[in-house]
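J.: Following is a predicted model, sequence given first.
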Amino acid sequence: MHSYETVTLSRDVDATRIPSGEKGFIPTGTEVTITQVLGGTYTVQFIGGLARIEGKDADALGKTPVAAVAPPVTPTPSGPVSKDTLNEQVWTALRTCYDPEIPVNIADLGLIYHCDLTELGANSYKADVKMTLTAPGCGMGPVLVQDVQNKLLCLEGIDDVNVELVWDPPWNQGLMTEAAKLQLGLM
């Protein structure tokens, strides 16, 4: 069950059109309906279609602005984080990234094919991520890639991130977790 909220923008706000990924803005006074609030972003519907508004611009929606949402990190004893612990934190962070049209995180959607950590130095790693999209023509790809990069770079110990969009194998619903299928009513 969704609860949608209709608000009138109090100022011009930067927005990313969905699904094209085109950057633009929505003008002051536009009535929008908030359809999704996940991962620190808002998906809104308005006469022009769907758009994504970043949490830092939430004041235009009458909400409290938030900085980029850092993924939750389990406190660890002082000292370097083990590679295994960091790998768990990486997957937790990936579960804070959302497709703006689907209320399920990209990891549970099955969009993340691989994530490998390579040691760069003492307590310093590079994350190499291979991911896909639900549809090859989706213009939101660069936005989701940037989300992954930003969230992983927030983790202590991750100093470099490379995200590669791949199309083989093509995404299909069979890649989703059971929890994601349940949430979307596919089971």
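T.: Good, I have the coordinates.

J.: from here on, contacts and neighbour counts on C-alpha atoms
T.: Fine.

J.: quick one, phi/psi of Met176?
T.: Main-chain torsions, Met176, degrees, to the nearest 10: phi -70, psi 150.

J.: Return the residues in contact with the closest residue to Val161 other than its chain neighbours.
T.: Leaving aside its sequence neighbours, Val161 sits nearest to Ala127 (C-alpha to C-alpha, 6 or more residues apart in numbering; 4.7 Å). With contacts defined as C-alpha atoms under 8 Å, 6 or more residues apart in numbering, Ala127 is in contact with 115-118, 152, 158, 160-162.

J.: Who wins on neighbours among the residues you listed?
T.: Neighbour counts for the contacts of Ala127 peak at Leu152, which has 25 neighbours (criterion: other C-alpha atoms under 10 Å).

J.: Tell me how far the most centrally placed residue in the chain lies from Val104.
T.: By C-alpha atoms, centre = their mean, the chain has its centre lying nearest to Cys97, at 2.4 Å. Distance, Cys97 to Val104, using C-alpha to C-alpha, to the nearest Å: 9 Å.

J.: Also Thr8?
T.: 27 Å.

J.: Then Val44?
T.: 16 Å.

J.: what about those two, which has more around it?
T.: Neighbour count, other C-alpha under 10 Å: between Val44 and Val104, Val44 has more, with 27 against 21.

J.: pretty sure Trp167 is touching Thr132, no?
T.: Yes - between Trp167 and Thr132 a contact is recorded at 6.0 Å, counting by C-alpha atoms under 8 Å.

J.: just checking, Lys181 touches Met187?
T.: Yes - the criterion here is C-alpha under 8 Å, and Lys181 meets it with Met187 at 5.9 Å.

J.: and these two? which has more neighbours close in?
T.: Lys181 (17 against 9).

J.: Do you know the pLDDT at the more buried one?
T.: Lys181 carries a pLDDT score of 93 in this model.

J.: Torsion angles phi and psi at it?
T.: The phi/psi pair for Lys181 (degrees, to the nearest 10) is phi -60, psi -40.

J.: could you say what helices and strands the longest strand seen in the chain packs with?
T.: In the chain, assigned by DSSP state E, the strand with the most residues is strand 112-121. Under the contact definition 3 or more C-alpha pairs under 8 Å, 6 or more residues apart in numbering; DSSP states H and E, strand 112-121 sits against strand 124-131.

J.: distance of Lys63 from Asp12?
T.: Taking C-alpha to C-alpha, one finds Lys63 at 15 Å from Asp12.

J.: got it, and Asp159?
T.: 35 Å.

J.: ranges for the strands of this protein?
T.: 5-8, 13-18, 23-26, 31-38, 41-46, 49-54, 112-121, 124-131, 158-165.

J.: Paired strands for the longest one, with orientation please.
T.: Strand pairing for strand 112-121, determined by DSSP bridges: strand 124-131 (antiparallel).

J.: Check which residues of the strand it pairs with are buried.
T.: Buried residues in strand 124-131, counted by 16 or more other C-alpha atoms under 10 Å: 124-131.

J.: Fine by me, thanks again.
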